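J.: after the sequence you'll find the predicted model.
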Amino acid sequence: MKHTFFKTMLALVVLTASFLSFQGCKPKGAQSAVSGDAAAKAYVAPGKYDEFYNFVSGGFSGQMSVYGLPSGRLFRVIPVFSVDPEKGWGYSEETKPMLNTSHGFVPWDDLHHIALSVTKSEHDGRWAFGNANNTPRIARIDMKTFRTAEIIEIPNSAGNHSSPFITENSEYVVAGTRFSVPMGDNLDVPINTYKDNFKGTVSFIGIDKTSGEMNLSFQIATPGINFDLARAGKGKSAGWFFFSCYNSEKANTLLEVNASQKDKDFIMAVNWKKAEEYAKAGKGVKKQVKYAHNKYNESTHSATSEIKNEVLVLDPKDCPDMVYFMPCPKSPHGCDTDPTGEYIVGSGKLAAVIPVFSFAKIEAAIAAKNYDGEYDGIPVLKYEAVLHGEVQKPGLGPLHTEFDGNGNAYTSFFVSSEIVKWNIKDLKVLDRVNTYYSIGHLCVPGGPTSKPHGKYVIAYNKITKDRYLPTGPELTQSAQLFDISGDKMKLVLDFPTIGEPHYAEAIPASMIMKNSQKIFKLEENKHPYAALGDNNAKVERKGNEIHVYMTSIRSHFTPDNIEGVKLGETVYFHVTNLEQDWDVPHGFAVKGAANAELLIMPGETQTLAWKPEKAGVYPMYCTDFCSALHQEMQGYIRVSPAGSNVPLTFSTGTNLPAAKPAAATTAPAEKSTTK
Amino acid sequence: MKRNLMLTTAALTAALFFSSCSEGVKKEPKPIEIQELTKDQPETHGSEVKEGDITLSTPLDQAMVTAGKATYELKCQSCHRLNEEKLVGPGWKDVTKRRQPVWIMNMITNVDMMLEKDAEAQKLLELCLVRMPNQNISTDEARKVIEFMRSNDGEK
């Protein structure tokens, strides 16, 4: 018995040892599906840079996160649609207008998709766009500052999911409504009149070539269906845009069942160049709407919000040859154009095949009027006439497709939790790899452009059960990095993400890092309350407002002793950071403020509003460790009763003589009732 | 029982091993690729000002004094008084008598080099405990600050 046991052990040890020594082996299983050199491939030595920036949507966090690839290190969370007390976003007076909408101040949203600006369908490293899914908006992030520069609301839209995809030279980003809704004058209609009263739109938001400023150029009115995702054409198809649509059944309840009745829904093909001509030729109708357009100015360090009232709407009935439907199996989700612009990949969530459409065939079918009837007056092209072919039995629940520039496509499969690599031309499956678990979007660096950078595919997973140390009922989502440089995809790394990552794009670091802004120049600070130098630091009373023009530098505030504020007054701390060195922000917080901190970048001015509720002396301090004497960077502000006659004084470095005792004590508290 | 378990484990491990190696075994470990965009990542801050780069003349250039004062008020005054008093950094009274212009210029425009190499600068850091910051002042602007300092020290 003993003898046999040792023999068995020996066999086991030998087998295990030989197993471990072969690096090429890839055992199946959640915990061990990595090859031997995986760690080296994801390793970026301390002090070294990553090769790619990965701009990742934060989903229900409302923000956009920035990771390095291949390391998976998180560098920054850019506040976009949700307030962020850490950065004062939505709390400082300067940033509040950025979250204004036609519904007023909205502190949260759900950011799903990223679109990086392109020139000739290639990344140009200027702006990143993100969509707000709930209260329809599009944001533009400046890749020099990694901050949100602009947010525009989309009227006649509800659930801005099919957004913000971009045309070949960043002429437009689009915003297709997920929900169709009642439009026009009478919005108060029974829900079950959906088929009569509910309509959809896709919006084209023009982008200024130089400044990047967005402008709602026109909308196209559509039948009352749901728009899911979209992609612009490229190269020969660059004048077109393709939108996946579901709920061609026009159901308004239990869509899970009722919007899955038909064998085929649609991909909507829009000739946007033609739409642009129609818009310019006055074919549209101006409709009264209400939407906010918010811009952040980096010289006044302040945002403005403007409510606009008009949008130009094009009706396909008045604009022939502008919109076509292509049948696409079973509730298409992803709708992706390959780098050449010839192939459009539809991914029916419930379909057993992946249909690939040919742009050349689409053009021919349109020319020959090869229609399969109409849908709400819009021609439907014959499926077989526009089809390049179908990928057979690719997997379960196809969602999204990215491309590597070598003729291969990578499609994510939610239900079967895998990425499948296939050849675009012959539609043959080449490789498949498991993801852990339930992948949604995926990203190849440059994958949606005409020149993918390749090298990796990143899976963004919905479920991580058993992948990480457990953290109670709520678990992190994850990203998984696969090396695609060889024939086979190889898992290299997985890392947790913020919020829920939906779409992401990756771009070579070399295209962005050289432009990264280090400071704001004091000489260019045009903030109306900036204190440019200590001589301009002061405290002023305007009606019942106290304006503190404050400076900060390592490591003190000027002024740091303030007296004479009265209850009922609102104090505005306008803090100017006089530093001009990279990576030296100062923070500011005051006790009891029903607000957040300020985080002020070098050369910037930011404002915290504070309405004290009780008389007393309140401390304030710098929240961002700035120097060895950071702990000393503090001050006091004294608040007196409303009727007090404590004079308004301020100082730094001088212990002012105590205010005359008479002044301090002859201010009866009861007088405050008379204010 | 124990033996059976062990045998089963061994058999399973073997099966796993063989079935998972269908794509072939690579014996040569690939060289480690370390991603790097640059070999080193210097944070450059200004360029060194040399002895011969500065010429002082009398009388003072009043336009330069005025411009230097404006720079002082915007970017220096928070930490440097015009008298002897040390605030965050030393007061400026008689600084042009204690230090060579080239030393002052480099402290303004090239402070990282100074704090690394210059013994006097290092002594000041020990005293003040706050690094003299890079205030994004050009060589030309720094030269005007010198003119203002000379004026502050009573030169005409």
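T.: Sure, I can see it. Numbering: from 1, shown residues only, chains lettered A, B, ... in the order given.
J.: need the per-residue pLDDT for the closest residue to residue A:72 other than its chain neighbours.
T.: Leaving aside its sequence neighbours, residue A:72 sits nearest to residue A:495 (CB to CB, 6 or more residues apart in numbering or on different chains; 3.4 Å). For every residue, glycine as well, the C-beta is placed using N, CA and C. The model reports residue A:495 with a pLDDT of 96.
J.: also residue B:151?
T.: Reported pLDDT for residue B:151: 98.
J.: over to residue B:32?
T.: In this prediction residue B:32 is given a pLDDT of 42.
J.: tell me the spacing between the residue nearest to residue A:72 and residue A:461.
T.: Distance from residue A:495 to residue A:461, counting by CB to CB, to the nearest Å: 11 Å.
J.: surely residue A:601 touches residue A:585?
T.: Yes. Residue A:601 lies in contact with residue A:585 (CB atoms under 8 Å); the separation is 5.3 Å.
J.: quick one: stretch A:156-175 to chain centroid distance?
T.: 13 Å (CA atoms, centre = their mean, to the nearest Å).
J.: so how far is the first residue of it from its last?
T.: One end of stretch A:156-175 sits 10 Å from the other (CA to CA, to the nearest Å).
J.: follow-up on the earlier one: what residues are up against the residue nearest to residue A:72?
T.: Applying CB atoms under 8 Å, 6 or more residues apart in numbering or on different chains to residue A:495 gives the contacts A:67, A:72, A:478-479, A:481.
J.: of those, closest to residue B:50?
T.: residue A:67 (43.8 Å; CB to CB).
J.: stretch A:563-574 and chain B, any residue contact?
T.: No. Using CB under 8 Å from any CB of the partner chain, stretch A:563-574 stays clear of chain B, with a minimum separation of 15.8 Å.
J.: now chain A against chain B: closest residue?
T.: In chain A, the residue that lies nearest chain B is residue A:580 (3.6 Å; CB to the nearest CB).
J.: and the gap between that residue and residue B:133?
T.: Taking CB to CB, one finds residue A:580 at 7 Å from residue B:133.
J.: got it, and residue A:587?
T.: If you go by CB to CB, the gap between residue A:587 and residue B:133 works out to 17 Å.
J.: same question, residue A:185
T.: In this structure, residue A:185 and residue B:133 are 60 Å apart, going by CB to CB.
J.: kindly report the same for residue A:159.
T.: Taking CB to CB, one finds residue A:159 at 48 Å from residue B:133.
J.: do residue A:197 as well
T.: 63 Å.
J.: same thing with residue A:308?
T.: Taken as CB to CB, the span from residue A:308 to residue B:133 is 43 Å.
J.: tell me which residue is most central in chain A.
T.: Central residue of chain A (CA atoms, centre = their mean): residue A:130, 3.7 Å from the mean position.
J.: report the contact partners of it.
T.: A:57, A:64, A:80-81, A:111-115, A:138-139, A:141, A:164.
J.: same thing but 10 Å
T.: Each residue near residue A:130 by CB atoms under 10 Å, 6 or more residues apart in numbering or on different chains is listed here: A:55, A:57-58, A:62-64, A:78, A:80-81, A:109, A:111-115, A:137-141, A:148, A:151, A:163-164, A:173, A:502-503.
J.: out of the residues you listed, which touch chain B?
T.: Residues of the contacts of residue A:130 in contact with chain B (CB under 10 Å from any CB of the partner chain): none.
J.: in chain B, which residue sits nearest chain A?
T.: Using CB to the nearest CB, the single residue of chain B nearest to chain A is residue B:136, 3.6 Å away.
J.: sorry, back to before: between residue A:197 and residue B:133, which has more neighbouring residues?
T.: For residue A:197 versus residue B:133, neighbours defined as other CB atoms under 10 Å in any protein chain shown are more numerous around residue B:133 (21 against 18).
J.: is the more buried one in contact with residue B:80, as I believe?
T.: No. The pair residue B:133 / residue B:80 is not scored as a contact, 11.6 Å apart, by CB atoms under 10 Å.
J.: what touches both of these two?
T.: Common neighbours of residue B:133 and residue B:80 (CB under 10 Å, 6+ apart) are B:88-89.
J.: shared neighbours of residue A:495 and residue A:461, anything?
T.: Counting by CB under 10 Å, 6+ apart, the residues touching both residue A:495 and residue A:461 are A:476, A:478-480.
J.: just the buried residues from the residues you listed, in ChimeraX please.
T.: ChimeraX command restricting the shared contacts of residue A:495 and residue A:461 to the buried ones, with burial defined by 16 or more other CB atoms under 10 Å in any protein chain shown:
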select /A:478,479,480
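J.: now the shared contacts of residue A:495 and residue A:461 in CSV, with secondary structure?
T.: As requested, these are arranged in CSV below (DSSP: H, G, I helix; E, B strand; the rest coil):
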residue, secondary structure
A:476, coil
A:478, strand
A:479, strand
A:480, strand
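J.: follow-up on the earlier one: what is the neighbour count of the residue of chain A closest to chain B?
T.: Residues near residue A:580, counting by other CB under 10 Å: 22.
J.: next, the buried residues of stretch A:449-456.
T.: Buried-residue list, stretch A:449-456, by 16+ other CB under 10 Å: A:449-450, A:452-456.
J.: how about stretch A:417-432?
T.: A:417-422, A:424, A:427, A:429, A:431-432.
J.: quick one on the thing from earlier: distance-wise, check the residue nearest to the centre of chain A relative to residue A:137.
T.: Counting by CB to CB, the gap from residue A:130 to residue A:137 is 9 Å.
J.: any common contacting residues for those two?
T.: A:80-81, A:109, A:111, A:151, A:163-164.
J.: taking the residues you listed one by one, which sit in strands?
T.: Mapping those onto strands (DSSP state E) picks out A:111, A:151.
J.: now, among the shared contacts of residue A:130 and residue A:137, which is nearest to residue A:226?
T.: residue A:163 (13.1 Å).
J.: my guess is the closest one contacts residue A:112. True?
T.: Yes. If you go by CB under 10 Å, residue A:163 and residue A:112 touch, sitting 8.1 Å apart.
J.: mind listing the shared neighbours of those two?
T.: Contacts common to residue A:163 and residue A:112, judged by CB under 10 Å, 6+ apart, are A:130-133, A:178, A:229.
J.: sitting in strands, which of these do you find?
T.: Those of those lying in strands (DSSP E): A:130-132, A:229.
J.: can I get those in TSV including pLDDT?
T.: Putting these into TSV (pLDDT from 0 to 100) gives the following:
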residue	pLDDT
A:130	98
A:131	98
A:132	98
A:229	98
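J.: returning to what we had before: possible to save the shared contacts of residue A:130 and residue A:137 as JSON lines with pLDDT, distance to residue A:268 and neighbour count?
T.: Output for those, formatted as JSON lines (pLDDT from 0 to 100; distance: CB to CB, whole Å; neighbours: other CB atoms under 10 Å in any protein chain shown):
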{"residue": "A:80", "pLDDT": "98", "distance to residue A:268": "28", "neighbour count": "28"}
{"residue": "A:81", "pLDDT": "98", "distance to residue A:268": "26", "neighbour count": "29"}
{"residue": "A:109", "pLDDT": "98", "distance to residue A:268": "25", "neighbour count": "26"}
{"residue": "A:111", "pLDDT": "98", "distance to residue A:268": "24", "neighbour count": "31"}
{"residue": "A:151", "pLDDT": "98", "distance to residue A:268": "26", "neighbour count": "27"}
{"residue": "A:163", "pLDDT": "98", "distance to residue A:268": "14", "neighbour count": "31"}
{"residue": "A:164", "pLDDT": "98", "distance to residue A:268": "17", "neighbour count": "28"}
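J.: so of the shared contacts of residue A:130 and residue A:137, which ones are in helices?
T.: Using DSSP state H, no member of the shared contacts of residue A:130 and residue A:137 falls within helices.
J.: looking at the shared contacts of residue A:130 and residue A:137, which is nearest residue A:647?
T.: residue A:151 (43.0 Å).
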